[in-house]
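[1] below is the sequence, then the predicted model.
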Amino acid sequence: MTERYDNQYIFSVPNSLFDFERLQEIALRNLDDVQEGLAFHQRRTETEPYLLELRERYPFLSPLYNISTAPAGYVVPIHFESNRNCAINVPVSYMEDSFTSFYEPLEPINSEFIPFKVYHEVKTKVKKVFSYTMTHPVLINNTLPHDVVGGPLKDRTILSWSISPKFRFEEIKEILKDAIRQ
């Protein structure tokens, strides 16, 4: 059985709210579709009817989503996102040996903005407080320092759908819980 999460770092998104197989198909179809005016990993939802349908149903979803592929063994350094409080992350391929860890700063955060990656790399001393392997879709709190370690055998690909920056992680978590109850 897959472990379900509900903490300050991630929240397991139930399959009943989205067709995650369709989201995976969209990610694979658009993997190499770099779009003008966007960072290399960003895509617009406007070309995908299913994504537009979901944006109507869930207005908190951003018009942008990311497709991120980490080469085998690659480490995304400890960072927090720029203008992205949270996102819904969907595993697309090879999650088995990879993990995401969250960190607590041991001093005031010092970071460097990396424009190409659209995130702030953390330069502060930190302590690891939570790790998980993404086996199912999750809402992730992007305001907290985290890193990603890719598995050693294959590239790891995820679809990460941004949430409108006017919403915070806890608000979206409650909205999703309400949707589950309906």
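    Nice, I can see it.
[2] from now on I want contacts and neighbour counts done on CA atoms only, so please keep to that.
    Will do.
[3] any idea which helix is longest in this protein?
    The single longest helix within the chain, with elements called by DSSP state H, is helix 169-181.
[4] quick one: contacts of that helix?
    Helix 169-181 has contacts (Cα atoms under 8 Å, 6 or more residues apart in numbering) with 8, 11, 13-14, 16-17, 85-86, 139-141.
[5] not including adjacent chain positions, what is the nearest residue to residue 147?
    Using Cα to Cα, 6 or more residues apart in numbering and skipping the chain neighbours, the partner closest in space to residue 147 is residue 78 (4.4 Å).
[6] cross-check the contact I'm expecting between that neighbour and residue 122.
    Yes - look at residue 78 against residue 122 with Cα atoms under 8 Å: they come within range, at 5.6 Å.
[7] which neighbours do those two share?
    residue 145.
[8] pretty sure residue 21 is in a helix, no?
    Yes - assigned with DSSP: H, G, I helix; E, B strand; the rest coil, residue 21 falls within a helix.
[9] that one - how many residues pack around it?
    A count of nearby residues for residue 21, using other Cα atoms under 10 Å, gives 13.
[10] what do you get for residue 83?
    Residues near residue 83, counting by other Cα under 10 Å: 15.
[11] does it belong to a helix, a strand or coil?
    Three-state assignment for residue 83 (three-state DSSP): coil.
[12] name the nearest residue to it, ignoring sequence neighbours.
    Closest to residue 83 by Cα to Cα, 6+ apart is residue 165, at 6.0 Å.
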